[in-house]
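In: Okay, here's the prediction I keep looking at, along with the sequence it came from:
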Amino acid sequence: MTVDGGITPEYIFDGNVTVVEGETFTFVPSNNASASYTVNRTTDLGALDTAATTGGFTFNASDAWYADYSSFLIEDIAGIANDDWQTENAHSWSIYLNGAATASGLGANALSDGDTLIFYFCPTDSETYVPIINEATYIVEVDVTVDGGITPEYIFDGGVTVVQGETFSFVPSNNASVSYTVNCTTDLGALDTAATAGGFTFNASDAWYADYGSFLIEDIGGIANDDWQTENAHSWAIYLNDAPTMAGLGANNLADGGDTLTFYFCPSDPETFEYLIDEATYIVEIDVKVSPVAVSDVTVTDAARGGMAQAQVTVKALDAGWYVVVVSGVNTGGDSLAGIATVHLDAGSPMDIPALIAVPQHTQTGTYTLYAGVYTLDDFPDNLLNHSEGVECVIS
């Protein structure tokens with residue numbers, strides 16, 4: 001490219017770099033080797049540093065103005081140093097982002113995916129001090145790709161059903177001599193249910209229970225909180241419906257409308273202490289259904305074609321009334337079996353309910369996986385209240 005005035009600038013670098021969201025690096029200013037700064041990779045300084053590594057050139061910048069402007073002053077790029085500003089037609093390095101001069105110095109300009117960052121070695125207008133980029137003799141042009149960065153690992157991502165009125169005993173990890181009765185319809189209840197369903201463990205301490213009536217998560221899936229005094233320390237944060245909870249584990253009640261409970265293993269902002277969930281490295285995400293009915297202890301006998309399989313299901317309802325219990329499922333080929341029972345339940349009293357499953361003569365032999373589902377009689381076959389895990393039934 002030849003710019004106005006016949007000057008053909010030399011490109012020190014002209015290419016693409018990828019910077020990663022959430023990553024930082026340490027920068028030592030050229031005028032102060034005893035100082036170091038932690039800089040976000042997704043800044044102009046981060047992109048210049050990446051381009052220098054990629055392109056094999058060097059650069060230096062001073063922190064002489066950092067206390068006043070929180071940014072650095074470019075001194076040279078690839079050995080091309082700023083001229084003495086008092087000399088006529090003095091050249092220095094200017095920073096442009098997407099075709100416009102930046103308002104801040106090096107390191108204080110955040111980048112987005114697709115930005116074009118250009119450093120011009122050029123003079124400035126003696127009256128307006130606007131860089132005269134058409135007279136640049138050297139250019140560094142950087143096309144920026146911002147990588148979303150951290151891809152968190154999901155320890156659990158699924159749904160659980162917790163039952164109204166049900167409780168369980170919780171023993172804190174720091175105090176094996178005590179146990180607490182906890183409502184299943186809390187964040188702790190949902191986490192405990194998910195741990196059972198997902199096959200992972202968790203631990204929580206009662207060190208703060210006397211003061212706050214809640215527990216402190218120590219680890220989930222073996223991923224333990226970092227020492228809070230270490231840089232970028234990660235710990236477990238609780239979010240309910242995309243907002244951080246105001247209380248600790250066990251003190252957040254879940255609603256009947258379908259809450260989403262998320263545990264993020266992430267750092268927090270060192271000044272505001274807000275959780276940086278975009279930098280989470282591990283996540284537990286639980287879609288919670290709160291049910292008025294508990295279903296447990298499902299058994300199904302094997303059967304022969306032309307006969308009957310007998311199921312038994314234990315059901316406990318929060319409210320008294322008439323309910324329908326359906327035991328049904330399929331084999332790997334999609335062939336189905338089903339049985340049904342109607343029962344009146346007293347509030348809070350578990351009942352063992354039998355259900356007969358007819359096996360027609362033409363039924364395919366083999367193993368079927370059956371589930372027990374419960375409905376109110378008035379709503380059946382809509383509005384499934386709860387269901388069991390699958391149990392096997394062999395048809396011969």
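Out: That came through fine.
In: helices and strands around the helix or strand containing residue 189, which ones?
Out: When elements are assigned from DSSP states H and E, residue 189 belongs to helix 187-198. Helix 187-198 makes packing contacts with strand 153-163, strand 167-170, strand 180-183, strand 202-205, strand 260-266, strand 282-291 when contacts are defined by 3 or more C-beta pairs under 8 Å, 6 or more residues apart in numbering; DSSP states H and E. For every residue, glycine as well, the C-beta is placed using N, CA and C.
In: Just name the most buried of those strands.
Out: strand 260-266 (a mean of 22; mean count of other C-beta atoms under 10 Å).
In: next one: that strand to chain centre, how far?
Out: Strand 260-266 has its average C-alpha position 6 Å from the chain's average C-alpha position, going by C-alpha atoms, centre = their mean, to the nearest Å.
In: same deal with stretch 352-368?
Out: On the basis of C-alpha atoms, centre = their mean, stretch 352-368 sits 43 Å off its chain's mean C-alpha point.
In: ok, residues contacting that stretch?
Out: Identification of contacts with stretch 352-368 by C-beta atoms under 8 Å, 6 or more residues apart in numbering yields 297, 300, 303-315, 325-327, 329-333, 335-341, 343, 370, 372, 392-396.
In: Need phi/psi at the residue sitting furthest away from the middle of the chain.
Out: In terms of distance from the mean C-alpha position of the chain, residue 88 ranks first, at 55.4 Å (C-alpha atoms, centre = their mean). Note on residue 88: its backbone torsions stand at phi -70, psi 140 [degrees, to the nearest 10].
In: Sort out for me which of the contacts of stretch 352-368 are in strands.
Out: Members of those lying in strands (criterion: DSSP state E): 297, 300, 308-315, 325-327, 329-330, 336-341, 343, 370, 372, 392-395.
In: Quick one: buried ones out of these?
Out: Among the ones in strands among the contacts of stretch 352-368, those buried by neighbour count (16 or more other C-beta atoms under 10 Å) are 300, 309-315, 325-327, 329, 337, 339, 341, 343, 370, 372, 393, 395.
In: part of a helix, is residue 53?
Out: Yes - assessed with DSSP: H, G, I helix; E, B strand; the rest coil, residue 53 lies in a helix.
In: how close does it sit to residue 45?
Out: 13 Å (C-beta to C-beta, to the nearest Å).
In: Quick check on those two: which one has the bigger neighbour count.
Out: residue 45 (25 against 10; other C-beta atoms under 10 Å).
In: Next, that one: phi, psi?
Out: phi -70, psi -40.
In: For it, give me its contacts.
Out: 27, 39, 61, 72, 106-107 are the contacts of residue 45 under C-beta under 8 Å, 6+ apart.
In: Same list (the residues you listed) but as CSV, adding distance to residue 166, pLDDT and neighbour count.
Out: Output for the contacts of residue 45, formatted as CSV (distance: C-beta to C-beta, whole Å; pLDDT from 0 to 100; neighbours: other C-beta atoms under 10 Å):
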residue, distance to residue 166, pLDDT, neighbour count
27, 55, 97, 19
39, 51, 96, 20
61, 62, 98, 25
72, 59, 98, 25
106, 59, 98, 23
107, 55, 97, 25
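In: Among these, which pair sits farthest apart?
Out: 39 and 61 (10.5 Å; C-beta to C-beta).
In: give the contact list for residue 303.
Out: Counting by C-beta under 8 Å, 6+ apart, residue 303 touches 309, 357, 359, 393, 395-396.
In: For it, give its distance to residue 114.
Out: Residue 303 is 64 Å from residue 114, by C-beta to C-beta.
In: got any ranges where the chain has weak pLDDT?
Out: 1-6, 149 (pLDDT under 70).
In: where's stretch 76-93 relative to the chain centroid, distance-wise?
Out: On C-alpha atoms, centre = their mean, the centre of stretch 76-93 falls 46 Å from that of its chain.
In: Name the residues that touch that stretch?
Out: The contact list for stretch 76-93, computed with C-beta under 8 Å, 6+ apart, reads 12, 48, 57-60, 74-75, 119-124, 137-138, 140.
In: got the buried residues for it?
Out: Buried residues in stretch 76-93, counted by 16+ other C-beta under 10 Å: 76-78, 80, 91-93.
In: Just send those back as TSV, with secondary structure and distance to residue 175 too.
Out: Below are the buried residues of stretch 76-93 laid out as TSV (DSSP: H, G, I helix; E, B strand; the rest coil; distance: C-beta to C-beta, whole Å):
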residue	secondary structure	distance to residue 175
76	strand	61
77	strand	60
78	coil	62
80	strand	65
91	strand	69
92	strand	64
93	strand	61
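In: Need the residues you listed in CSV (columns: distance to residue 220).
Out: Below are these laid out as CSV (distance: C-beta to C-beta, whole Å):
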residue, distance to residue 220
76, 49
77, 47
78, 49
80, 52
91, 57
92, 53
93, 48
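In: Look at stretch 79-97 and report the distance between its end residues.
Out: 22 Å (C-alpha to C-alpha, to the nearest Å).
In: Might you quantify the distance of it from its chain's geometric centre?
Out: The answer for stretch 79-97 is 45 Å, by C-alpha atoms, centre = their mean.
In: thinking residue 219 is in contact with residue 235, fair?
Out: No - applying C-beta atoms under 8 Å, one finds residue 219 not in contact with residue 235, separated by 10.0 Å.
In: between those two, who's got more neighbours?
Out: Neighbours were counted for residue 219 and for residue 235 using other C-beta under 10 Å; residue 235 has more, 18 against 15.
In: and that one, bridged to which residues?
Out: residue 266 (DSSP bridges).
In: what residues are up against it?
Out: 217, 225-226, 228, 265-266, 268.
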